[in-house]
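Student: How does the following fold in three dimensions:
(one chain, ligands or ions: 1)
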Amino acid sequence: MSKNSSRPVGRHFLQIPGPTQLPDRVLRAMDTPIIDHRGPEFAKLAKRCLEGIKTIFKTTNPVIIYTATGTGAWEAALVNTLSPGDRVLMVETGQFATLWKVMAEKLGLKPEFIKTDWRTGADPAAIEQHLRADKNKEIKAVCVLHNETSTGCLSPVAEIRKAIDAAGHPALLFVDTISSLASTDYRHDEWGVDVTVGGAQKGLMLPPGMSFNAVSDKALTTAKGAKLTKSFWGWDDMLNMNKIGFFPYTPATQMLHGLAEGIAMLHEEGLDNVFARHDRLAEATRRAVRTWGLEVMCRDAKYYSPTVTAVMLPEGHDADAFRNLALENFNISYGASFGRYAGKYFRIGHLGDINDGTLIGALGTTEMALALAGIPHKKGGTQAAVDYLISAHAGPARAAAE
Ligand SMILES: Cc1ncc(COP(=O)(O)O)c(C=O)c1O
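Tutor: Residues are numbered from 1 along each chain as shown. You can find the predicted model right below:
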């Protein structure tokens, strides 16, 4: 928006790492009359969603759909499986891992927190070591974020499963996929995850307000003995009602219309193509950042996030002031920074319904904003991203060679 005008012109560049832009198809699917949530039309819609969502988590087990943001699905994972005083192992990958840990404490659990400097993902070896030290096998669950949205670091879930098994430990594995699901390869069943937490407002391209628990047989069995207090979050009532296509309470009908459409869109594109698109856009973003001479917050390539890139600003430059300037002058929003790094970085989200052209627009805008803000950087980051995207489209072999 121009500083002299109150009307933002053109489409806003929503480069936060979710909620993401709603595709017109999803909006149109939701723009439909309310139906009776105890009627046959609803049951058909619900069954379509309940079956469809399994293909996104890659599970044949039930997926519970909550009318709640991701935080609710975090709570559901914990209260359905654990009892007061249970020990849980968590990894401090960043702000969202910290919030989940604080929730565990509030619920009366005893989280043990493996520290990181917030610039890597969860290290399977550190998890294995911690579990091996738990000689009496008292730790009941290992909780990790697949993608730590606050820092742009992805954790290797399959390797974490292997680490738990290598330690011979019976702990359940809980994984938060709120900012990776439907953008990054994820396999609930194959990777032996017990509860996967998901959210609607990122890769699934829906508004905020819906979240998920994908569950394993072991999680369902454990739930029978779990003593934490629960009512709304209880899996039992949900699973019973879902069997006949209904919910125990009024479901978010319009969101379900949107969900069915979002799932259809993902399969039309092909999940592997969705993942390749996110990988490509992430690599293009990192090339832009490096060409600018700025630092990607994630300091180890093996943990790079396909959905969000956090960009460190040079000492003495305030990232919040930069975000404000960019919004005011160029109508673009970035993700904020947190905790010990507050004001030190901004985050470029590149997930959901986004293509190469949108990303290049966002990177070009970022390059303008860096210049206007007087942040020391080299020119040419956007060009580096353009060059990479051309080579990626010309063929993987050429991209690798460059
Ligand atoms: C990885 C992760 N976990 C949990 C949350 C919390 O989800 P919500 O804000 O939908 O409650 C978020 C939100 O962005 C997130 O990115």
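Student: Which parts of the stretch 51-200 of the chain are strands?
Tutor: In the stretch 51-200 of the chain, the segments counted as strands under DSSP state E, counting those that start in this stretch are 63-66, 87-92, 110-115, 139-145, 147-148, 153-154, 172-176, 195-199.
Student: I meant to write the stretch 201-350 of the chain there.
Tutor: With strands called from DSSP E, counting those that start in this stretch, the stretch 201-350 of the chain shows them at 211-215, 295-296, 308-312, 332-334, 345-349.
Student: which of the strands of the stretch 51-200 of the chain sits most buried?
Tutor: strand 147-148 (a mean of 32; mean count of other Cβ atoms under 10 Å). In this view, the C-beta of every residue, glycine as well, is placed from N, C-alpha and C.
Student: just checking, what packs against it?
Tutor: The contact analysis (3 or more Cβ pairs under 8 Å, 6 or more residues apart in numbering; DSSP states H and E) places strand 147-148 against helix 95-106, strand 153-154.
Student: residues touching residue 171, list them.
Tutor: 89, 131, 137, 139, 140, 141, 142, 164 (Cβ atoms under 8 Å, 6 or more residues apart in numbering).
Student: Show residues contacting the biggest helix by length in the chain.
Tutor: When the chain is parsed with DSSP state H, its longest helix is helix 271-291. Contact with helix 271-291 is made by 56, 182-185, 203, 266, 269, 295-296, 304-307, 309, 311, 348, 350-351, 354-356, 359-360, 363, 366-367, 378, 380-385, 388-389, 392, as judged by Cβ under 8 Å, 6+ apart.
Student: Can you give me the buried ones in that helix?
Tutor: By 16 or more other Cβ atoms under 10 Å, the buried positions in helix 271-291 come out as 271, 274-289, 291.
Student: Report the rounded mean pLDDT for it.
Tutor: Throughout helix 271-291, pLDDT has a mean value of 98.
Student: one step back: narrow the contacts of helix 271-291 to just the buried residues.
Tutor: By neighbour count, with 16+ other Cβ under 10 Å, the contacts of helix 271-291 hold 56, 182-185, 203, 266, 295-296, 304-307, 309, 311, 348, 350-351, 354, 356, 359-360, 363, 366-367, 381-385, 388-389, 392 as buried.
Student: still on that earlier bit, just the angle between the longest helix of the chain and strand 345-349, please?
Tutor: Counting by axes from the mean of the first three to the mean of the last three Cα atoms, to 10 degrees, helix 271-291 lies at 150 degrees to strand 345-349.
Student: Extract the C-alpha set from helix 271-291 and format it as PDB.
Tutor: Extracted in PDB, the C-alpha atoms of helix 271-291 (Å, rounded to 0.1, in the frame of the first residue of the first chain):
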ATOM      1  CA  LEU A 271       1.400 -35.400  -3.900                       C
ATOM      2  CA  ASP A 272       4.900 -36.000  -5.200                       C
ATOM      3  CA  ASN A 273       4.500 -33.000  -7.400                       C
ATOM      4  CA  VAL A 274       3.300 -31.000  -4.500                       C
ATOM      5  CA  PHE A 275       6.400 -32.000  -2.500                       C
ATOM      6  CA  ALA A 276       8.700 -31.300  -5.400                       C
ATOM      7  CA  ARG A 277       7.100 -27.800  -5.900                       C
ATOM      8  CA  HIS A 278       7.700 -27.000  -2.200                       C
ATOM      9  CA  ASP A 279      11.300 -28.300  -2.400                       C
ATOM     10  CA  ARG A 280      12.000 -26.200  -5.500                       C
ATOM     11  CA  LEU A 281      10.500 -23.000  -4.100                       C
ATOM     12  CA  ALA A 282      12.500 -23.500  -0.900                       C
ATOM     13  CA  GLU A 283      15.800 -24.000  -2.700                       C
ATOM     14  CA  ALA A 284      15.100 -20.900  -4.900                       C
ATOM     15  CA  THR A 285      14.500 -18.900  -1.700                       C
ATOM     16  CA  ARG A 286      17.600 -20.000   0.000                       C
ATOM     17  CA  ARG A 287      19.700 -19.200  -3.200                       C
ATOM     18  CA  ALA A 288      18.200 -15.700  -3.100                       C
ATOM     19  CA  VAL A 289      19.100 -15.300   0.500                       C
ATOM     20  CA  ARG A 290      22.600 -16.500   0.100                       C
ATOM     21  CA  THR A 291      23.100 -14.200  -3.000                       C
END
